[in-house]
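Undergrad: How does the following fold in three dimensions:
(one chain, ligands or ions: 1)
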Amino acid sequence: MHRTYASRIATSALHRTAWWQRGALAALLALAAAWATPLAAEDGHALWLRYPPLAEQAQGTPAPVTGLVAAAGTPTQAATRQELLRGLGGLQGTAPPLADAVGRPGALLVGTPDSTPALAQLRPALEGLGREGYLIRSVEIDGHAATAIVANDDIGALYGAFHYLRLLQTGEPVDALDLRSAPEVRLRVLNHWDNLDRHVERGYAGQSIWDWHRLPGWVDPRYTDYARANASIGINGTVLNNVNANAMVLTPMYLEKVAALAEVFRPWGIRVYLSARFSAPVEIGGLETADPLDPAVRRWWRAKADEIYARIPDFGGFLVKANSEGQPGPQDYGRSHADGANMLAEALAPHDGIAMWRAFVYSDEEPDDRAKQAYTEFVPHDGEFADNVLVQVKNGAIDFQPREPFHPLFGAMPQTPLMMEFQVTKEYLGFATHLVYLGPMWEEVLRADTHAEGEGSTVAKVIDGSLHGHALTGIAGVANIGTDRNWSGSHFDQANWYAYGRLAWDPHASARDIAGEWVRMTFSRDPDFVGPVVDMMMDSHQAAVDYMTPLGLHHLMGRGHHYGPGPWVEGGPRADWTSVYFHRATRDGIGFDRTASGSDAVSQYAPPVAREFGDLARVPEDFLLWFHHVPWDHPARSGRPLWDELVHRYDRGVAAVREMRATWAGLAGQVDAERHAQVAAFLAIQAQEAQWWRDASIAYFQTFAQRPLPEGHAPPPQPLEHYQGQEFPHAPGDGR
Ligand code: BDP
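TA: Numbers count the residues shown, from 1 in each chain. Just a heads-up that it's a prediction; the model follows:
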């Protein structure tokens, strides 16, 4: 509104002035018109690398870079130079001229002391930064003020360049810089759950971006954009195929395609990995067994590794899901997880490859609490894994639920490097339509104190290797990327990809700071926009937990596709795939007793943590029903009886989404109409689905609680049978 008003004033003023004043006024008019122009439509494809002109933004502009000194002698150097030209070209309006030396103030130099001799004076300061770290400094070179981005290796300089562009994009001052950064975690990888037929298991952003059929002949430019985006947040590895793996990806036909992708990613510091199906020696190797102790099987894997490295010299290694949810594994032959992992590690070791062995296991026969099984299976093997094995552990002991306490394996295997596995795709958090920023959830887990080595033994310190002195460290994020124009299925899901990369680089970073960076780069630097949007993002995870699984409830989603509420799910192939197994609601109460009087899962945590979680008076209320079975009238900390508290939380979640909608509606005009409209439409879906979760859950649990809804809380509009009768045969992302 005010923009149109401004242009009207300028127009009428022009008519009343003398000709000599008109020049100035015309300029003013042009300015007002530019101001009045609606923001150009955007489809989100550019992610956080949009590089819009800084001059168009109200927050002022830094002094422009007057010249760029950047070698282009290697593919990574060329990529770095290109990105700076592109970024500065967009942000400054014109790209700075390339220069060989610093001839005037304001130059930007990027490279290594070897690639860019003018940076050699900074060589001593690079100590301790490793290959991937970098410095960004305001310096004086040949008597002129300049900015230096310098690293030991090309890849560090590329990361530094992205950091510098981020400073400009987020409006940070760049005139007196002295920054030093190096990743805290060595392997920072995405796990694609992409099948060879392009179906993405638990993918809500279209098909797989890997166009296997047309590879290697057609190398889609999207692969380069994918690599750029990942490099910009420090991701340095990608597992291309689903953990529920098809052995065919290890055949020559597919390896040729994999090699073509590796070629695209290499300049951007990204290695490819593959999910290896444990039974591949039988399925594609013609062997009778996949027994990891069989010499022929070991030979087969060694030869397979040699074959892969002959094509892809920097191949990262294998990721394996074994003896989990029906996947083959060493236990099929009476061998242990360590036997299986070490066999692959042995094949990869001559090439410096890594075996990432997942701890997401639960036995087909074992009737024990599912939350306990990974610990039970893995802890006895601590110390048995080869040096190039990482055990990859989901953040919680069940399965990426809306909120889980940290996995008891963290801190419990001091001799084994444990790798974190987060799920970026929102299988259990509303798919791509719900606005749920995952930063706070990951931060909560990373900051949790395992007490493994006394107070302060956070999960982040397990992951960064500092707690138990491991140099091999890693973190994995199950990707939310697909063929949708906006990559992630929704604009706000891009923030989860972004936050994953930033936390992988520094697991001690703040989710709020990361959200702030992302909002500034993705939408706008205007503080009136950034403030409310960051607040909304920060509160969004709690909101989803409230309307889906409050107070520590878990695993209540629809069967199979996992879309929507299904607290009534029971029966079927296994009890621990049902909801009733996890909530245990009866007329007497609700919750899973994991204390000593129940499954005793609490005893898998270090004693101080076990005491806290096991004590009804001390357990964080967010995990109440995760660890305790309590009567419906159990007094919550609010003073309300449990049933009332449950209803209160469901409604709090629904109200929070209503508030998110209002906040977003109030920001119309501050972002382009195209993105604003899609976010608004998705928030409307989220509001409906939050209400649905709340209504269905309350209708169901009320049959046990047998209590009226507390004062002021509306009863579900439909009878329970209505919610139970709904079916969604074509919900996206199903496992197959
Ligand atoms: C579960 C998913 C399933 C995955 C499994 C895994 O529903 O599709 O295969 O995790 O991580 O959450 O292996």
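
Undergrad: Isn't residue 258 up against residue 249?
TA: Yes: because the distance of 7.2 Å satisfies CB atoms under 8 Å, residue 258 is recorded as touching residue 249. For glycine as for every other residue, the C-beta is placed from the backbone atoms N, C-alpha and C.

Undergrad: Please enumerate the shared neighbours of those two.
TA: Shared contacts of residue 258 and residue 249 (CB atoms under 8 Å, 6 or more residues apart in numbering): 240, 274.

Undergrad: Not counting sequence-adjacent ones, nearest residue to the residue of the chain found nearest the ligand?
TA: The shortest separation between the chain and the ligand is 3.9 Å, found at residue 735 (distances taken as CB to the nearest ligand atom). What sits nearest to residue 735 in space, not counting adjacent residues and going by CB to CB, 6 or more residues apart in numbering, is residue 201, at 5.2 Å.

Undergrad: residues near that neighbour, how many?
TA: By the criterion of other CB atoms under 10 Å, residue 201 has 19 neighbours.

Undergrad: same deal with the one 3 residues further on?
TA: Using other CB under 10 Å, the number of residues around residue 204 comes to 23.

Undergrad: Surely it and residue 731 touch.
TA: No: under the criterion of CB under 8 Å, residue 204 lies out of contact with residue 731, with a separation of 9.6 Å.

Undergrad: what bits of this structure have low per-residue confidence?
TA: For the chain, residues meeting the criterion pLDDT under 70 lie at 1-37, 57-60, 366.

Undergrad: By residue count, what's the longest helix in it?
TA: Once the chain is assigned using DSSP state H, the helix that runs over the most residues is helix 673-705.

Undergrad: what packs against it?
TA: Helix 673-705 sits against helix 527-548, strand 589-590, helix 642-665, helix 720-724, with contacts defined as 3 or more CB pairs under 8 Å, 6 or more residues apart in numbering; DSSP states H and E.

Undergrad: again, only using 10 Å
TA: For helix 673-705, the contact count by 3 or more CB pairs under 10 Å, 6 or more residues apart in numbering; DSSP states H and E identifies helix 527-548, helix 580-583, strand 589-590, helix 642-665, helix 720-724 as packing neighbours.

Undergrad: any chance of the ones you listed in TSV, with distance to the ligand and mean neighbour count too?
TA: As requested, the helices and strands packed on helix 673-705 are exported to TSV (distance: least, CB to the nearest ligand atom, whole Å; neighbours: other CB atoms under 10 Å):
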stretch	distance to the ligand	mean neighbour count
helix 527-548	15	21
helix 580-583	14	21
strand 589-590	23	22
helix 642-665	22	20
helix 720-724	21	15
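
Undergrad: any chance of those in TSV, with distance to residue 356 too?
TA: Formatted as TSV, the helices and strands packed on helix 673-705 follow (distance: least, CB to CB, whole Å):
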stretch	distance to residue 356
helix 527-548	27
helix 580-583	28
strand 589-590	37
helix 642-665	35
helix 720-724	40
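
Undergrad: Which stretches in the stretch 51-200 of the chain count as strands?
TA: 67-70, 107-111, 134-141, 144-150, 178-181, 187-191 (DSSP state E, counting those that start in this stretch).

Undergrad: and residue 376, how many neighbours?
TA: A count of neighbours around residue 376, defined by other CB under 10 Å, yields 15.

Undergrad: Double-check that it belongs to a helix.
TA: Yes: counting by DSSP: H, G, I helix; E, B strand; the rest coil, residue 376 is part of a helix.

Undergrad: and the gap between it and residue 603?
TA: Between residue 376 and residue 603 the distance is 11 Å, computed by CB to CB, to the nearest Å.

Undergrad: Could you double-check that the residue nearest to residue 735 lies in contact with residue 425?
TA: Yes: using CB atoms under 10 Å, residue 201 is in contact with residue 425, at 9.1 Å.

Undergrad: Need the overlap of contacts for those two.
TA: Between them, residue 201 and residue 425 share these contacting residues under CB atoms under 10 Å, 6 or more residues apart in numbering: 192, 193, 478, 733.

Undergrad: Please parse the protein into its domains.
TA: Using automatic domain parsing, the domain parsing of the chain gives 5-35, 57-181, 187-522, 523-563+634-736.

Undergrad: And these: which comes nearest residue 574?
TA: Shortest separation from residue 574 across the domains of the chain is recorded for domain 187-522, at 7.6 Å, computed as CB to CB.
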